[in-house]
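Chemist: Test case, fold it:
(2 chains)
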Amino acid sequence: GAGVSQSPRYKVAKRGQDVALRCDPISGHVSLFWYQQALGQGPEFLTYFQNEAQLDKSGLPSDRFFAERPEGSVSTLKIQRTQQEDSAVYLCASSLGWGSGNTIYFGEGSWLTVV
Amino acid sequence: DAKTTQPNSMESNEEEPVHLPCNHSTISGTDYIHWYRQLPSQGPEYVIHGLTSNVNNRMASLAIAEDRKSSTLILHRATLRDAAVYYCILRQVDSGNTPLVFGKGTRLSVIA
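Modeler: Presented below is the predicted three-dimensional model:
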């Protein structure tokens, strides 16, 4: 069965370039999460959607980071004017419903390197 | 979510049991204990979770102390494919879909 799919898998961006990272959650999953993971660290929360509504964006590190999920399925994380400190793995995750009993499923991540 | 403490790294021989400890001394009565693991170059994957009683599934067992201030993830026979970072995470019951809060986890190495 299809899991959470992310693209591109690897991205090299020049400093100052804009990037867009795509996430296809598991079909029917209502909740969608974005995380950022620096080398050697655990994933850090960025933002969360319930259907198309962005309920929490407290983890976005700056206003250069923007996420959307306009139709409540596919989501895009956009980073404007990338900087070297944005180099990380960006993980997308989804879960079926509301409630802490729902298992959260992660994609393999998009590896971003800013040069 | 309450904080957890795990050893930075552990090592195991292949085909031997592994006990991964987690301390959560400030756990509240409404916190579930969740374990996720992250294989190299993969996203985290769910392993097991529990509230008060010990839990078993096809991947692992979770032993929860009577006072719930600590727990242990048990892999009954470690294989090379179990080499990963293991995260112990607390989530409140009925907290909505609040995000998982990851620490640094325990890096498990398995020796052939």
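Chemist: can you map out the helices along chain B?
Modeler: Counting by DSSP state H, chain B has no helices to list.
Chemist: Now the most centrally placed residue in it. Nearest residue, chain neighbours left out?
Modeler: By CA atoms, centre = their mean, the mean C-alpha position of chain B lies nearest to B:Trp35, the distance being 3.4 Å. Nearest residue to B:Trp35 in three dimensions, chain neighbours excluded: B:Val47, at 4.2 Å (CB to CB, 6 or more residues apart in numbering or on different chains). All C-beta spots, glycine's among them, are computed from the backbone N, C-alpha and C.
Chemist: What separation do you get for that neighbour and chain A?
Modeler: In this view, B:Val47 and chain A are 10 Å apart by CB to the nearest CB, to the nearest Å.
Chemist: Surely that residue and B:Tyr86 touch.
Modeler: Yes. Assessed by CB atoms under 8 Å, B:Val47 is found in contact with B:Tyr86 at 7.4 Å.
Chemist: returning to what we had before: tell me who's in contact with the residue nearest to the centre of chain B.
Modeler: Counting by CB atoms under 8 Å, 6 or more residues apart in numbering or on different chains, B:Trp35 makes contact with B:22, B:46-49, B:60, B:62, B:73, B:86-89.
Chemist: before we move on, what about A:Lys57?
Modeler: By CB under 8 Å, 6+ apart, the residues touching A:Lys57 are A:46-48, A:67.
Chemist: Contacts for the helix or strand harbouring A:Leu21, please.
Modeler: A:Leu21 is part of strand A:19-24, with elements assigned from DSSP states H and E. Applying CB under 8 Å, 6+ apart, the external contacts of strand A:19-24 come out as A:2, A:4-8, A:11, A:13, A:32, A:34, A:73-79, A:82, A:90, A:92, A:94, A:107, A:110, A:112.
Chemist: returning to that earlier point: please name the bridge partners of the residue nearest to the centre of chain B.
Modeler: With DSSP bridges as the criterion, B:Trp35 is bridged to B:Ile48, B:Cys88.
Chemist: Buried by neighbour count: which residues of stretch A:58-70 qualify?
Modeler: The neighbour-count check on stretch A:58-70 (16 or more other CB atoms under 10 Å in any protein chain shown) flags A:59-60, A:65, A:67, A:69 as buried.
Chemist: Between these, which sits nearest B:Met10?
Modeler: Ranked by distance to B:Met10 (CB to CB), these are led by A:Gly59 at 29.1 Å.
Chemist: which residues touch the spatially most central residue of chain A?
Modeler: By CA atoms, centre = their mean, chain A has its centre lying nearest to A:Trp34, at 3.2 Å. Contacts of A:Trp34 were listed using CB under 8 Å, 6+ apart, and they are A:23, A:45-48, A:67, A:75, A:77, A:90-93.
Chemist: Now flag whichever of those residues is closest to chain B.
Modeler: For those, the residue nearest chain B by CB to the nearest CB is A:Phe45; the value is 4.2 Å.
Chemist: How about the contacts made by that closest one?
Modeler: Listed by CB under 8 Å, 6+ apart, the contact set of A:Phe45 reads A:33-35, A:58-59, B:99-101.
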